[in-house]
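this one's sequence-less:
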């Protein structure tokens, strides 16, 4: 019975460990949905598809919609570029927020719709020192007075005596 419980618990642990990479992969900054792949890197959004084969380089358009925009025409539109096998479009300078990407092929069919969250990195600038790095002795230059030095010395001496007493007592054999 005990062996069965141990095997059951270890089996659950192994199953959880096996599912962890799948969970982490699902939370990445790329999203797949209905024929399109949307990814984000900083403040750039890219959509890739293979559902819009076109003629003479015209594959269709992609649109990036904010949460307040309702249809394809209201979003930031950009033409699809690429080859007859793979087409893509990208937007740069996208601010943080949740967006919907819609791809419409040149024949009017929708290749896919996908939502994505953009988390633009925050960049903070600090002023550099005008005279370089200020080195020094830190707190060693302050005079603390005789009372502070005597008090610190007493604490160090007490610690040394206590350590010696503890080690000496530990080395003696115990008698009953």
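It's in. Predicted model only: the values in this text are computed from it and were never measured. Numbering: from 1, shown residues only.

Whichever strand or helix holds residue 102 pairs with which strands, and in what direction?
Using DSSP states H and E, residue 102 sits in strand 97-105. Sheet pairing of strand 97-105 (DSSP bridges) gives strand 60-65 (antiparallel), strand 110-118 (antiparallel).

contact partners of that strand?
35-36, 38, 45, 47, 49, 51-52, 54, 59-67, 72, 75, 80, 89, 110-118 (C-beta atoms under 8 Å, 6 or more residues apart in numbering). For every residue, glycine as well, the C-beta is placed using N, CA and C.

at 6 Å instead, please
With contact meaning C-beta atoms under 6 Å, 6 or more residues apart in numbering, strand 97-105 is reached by 36, 38, 47, 49, 52, 60-65, 67, 72, 110-117.

How about stretch 78-96?
Here stretch 78-96 has contacts from 43-50, 52-53, 59-62, 64, 76, 118-120, using C-beta under 6 Å, 6+ apart.

hang on, the earlier thing: comparing the strands paired with strand 97-105, which comes out most buried?
strand 60-65 (a mean of 23; mean count of other C-beta atoms under 10 Å).

Starting from that strand, tell me the next helix or strand along the chain.
strand 76-79.

Quick one: mean pLDDT for that next one?
Per-residue pLDDT over strand 76-79 has a mean of 92.
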